[in-house]
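Asker: Sequence plus predicted model, see below.
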Amino acid sequence: MDKQIAIILTSIERPQALKKSIESILAVWQEDSWVLMVGLQDDYDSESFSIVAKIIEDNPGKDIRLYDLEYDCGISKARNELIQKANLWNCEYVLLTADSITFDESMSGIQFVTSSMGILGYDLCGLNLKNRIPWEAHLNLIPGESFELDFIDPKLKEDNDFVYCGIVRNFWIAKTESLIQVPYDEQLIMAEHEDFFYRYNKADNHVCCTNYCSGTYNKGENTPEYDKIRATNFRIGRQRLQNKYSLKNWVVYKNIERTQL
């Protein structure tokens with residue numbers, strides 16, 4: 001049976017955070033329309049693989065698929081691989097989450113978001129992420145200088161179900177077809193965010209954000225191995241990002257006071 005929504009969750013060196021994230025998804029599971037695709041960049045004999053295998057064994061009625069990815073292949077490549085698999089399984093939408101995010105009860109209403117996206121003409125919708133700095137903004141490229149994020153007024157999200165923007169946090173749902181057309185740049189490893197949304201908008205896709213469905217960002221659950229990998233990959237990826245666009249700097253902010261929690 002074709003699934004409407006593929007939830008893609010990638011992880012490396014954060015087994016307990018991964019377990020908590022998956023358990024929160026199971027708590028609001030939509031039986032007939034969801035498939036959970038877990039992509040692990042860990043070694044095959046790691047704790048993370050054992051945790052996911054046990055969850056699959058304990059939940060035979062839920063469509064959970066485990067993928068063994070290349071060790072430390074980077075977020076960009078990991079996401080591309082799972083998006084391609086979601087497309088092969090004819091999933092209409094991809095819901096991007098992370099091992100640092102737990103689903104709230106409101107996520108059981110995600111079909112309202114996808115239905116509204118179809119009516120309103122949006123291709124990607126950023127979901128509300130509690131306990132994490134707001135990042136919904138309009139995105140511009142200042143040639144030779146940097147990317148510019150012009151943050152939206154948070155009151156707009158309070159007063160409207162859906163608000164147009166150009167970039168959101170890494171907790172969103174999007175039409176699979178649009179993601180196939182605009183894959184992540186795998187050379188950017190872990191500094192992929194601005195580049196992806198810049199190209200996604202340039203490809204005439206439409207981005208919005210909503211408070212209707214929420215998750216919670218969980219701080220302080222990193223392992224030393226993860227912190228080392230993240231720091232190295234982000235440093236290399238950021239330099240490649242600046243080289244790609246011949247930028248002096250990475251990003252500048254407008255109306256940053258709107259991001260205060």
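Answerer: Here it is on my side, so go on. Numbering: from 1, shown residues only.
Asker: what ranges do the helices span in this protein?
Answerer: For the chain, the helices defined by DSSP state H cover 15-27, 47-58, 75-88, 110-120, 154-159, 176-181, 193-202, 224-245.
Asker: Relative to L95, which of those is closest?
Answerer: With CB to CB as the measure, helix 110-120 is the member of those nearest L95 (6.9 Å). Bear in mind the C-beta positions are built from the backbone N, C-alpha and C, glycine included.
Asker: elements contacting the closest one?
Answerer: Judged by 3 or more CB pairs under 8 Å, 6 or more residues apart in numbering; DSSP states H and E, the packing partners of helix 110-120 are strand 124-130, strand 172-175, strand 207-217.
Asker: now these as CSV including distance to Y71?
Answerer: What follows is the helices and strands packed on helix 110-120, written out as CSV (distance: least, CB to CB, whole Å):
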stretch, distance to Y71
strand 124-130, 28
strand 172-175, 26
strand 207-217, 25
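Asker: related to what we said a few turns ago, make CSV from the helices of the chain and add mean neighbour count, mean pLDDT and distance to Y212 to it.
Answerer: Formatted as CSV, the helices of the chain follow (neighbours: other CB atoms under 10 Å; pLDDT from 0 to 100; distance: least, CB to CB, whole Å):
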stretch, mean neighbour count, mean pLDDT, distance to Y212
helix 15-27, 19, 96, 17
helix 47-58, 16, 96, 27
helix 75-88, 20, 97, 22
helix 110-120, 16, 96, 6
helix 154-159, 13, 91, 10
helix 176-181, 17, 98, 20
helix 193-202, 20, 98, 21
helix 224-245, 15, 93, 30
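Asker: could you dump these to CSV with distance to L69?
Answerer: Compiled in CSV, the helices of the chain are given as follows (distance: least, CB to CB, whole Å):
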stretch, distance to L69
helix 15-27, 13
helix 47-58, 11
helix 75-88, 5
helix 110-120, 25
helix 154-159, 34
helix 176-181, 17
helix 193-202, 19
helix 224-245, 13
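Asker: Relative to L82, which of the helices and strands packed on helix 110-120 is closest?
Answerer: strand 172-175 (12.8 Å).
Asker: Dump the closest one to PDB, restricted to CA.
Answerer: This file holds the C-alpha atoms of strand 172-175, laid out as PDB (Å, rounded to 0.1, in the frame of the first residue of the first chain):
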ATOM      1  CA  TRP A 172       9.200  20.400   8.000                       C
ATOM      2  CA  ILE A 173       6.900  18.600   5.600                       C
ATOM      3  CA  ALA A 174       7.300  18.900   1.900                       C
ATOM      4  CA  LYS A 175       6.000  17.400  -1.400                       C
END
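Asker: This completes my enquiry, with thanks.
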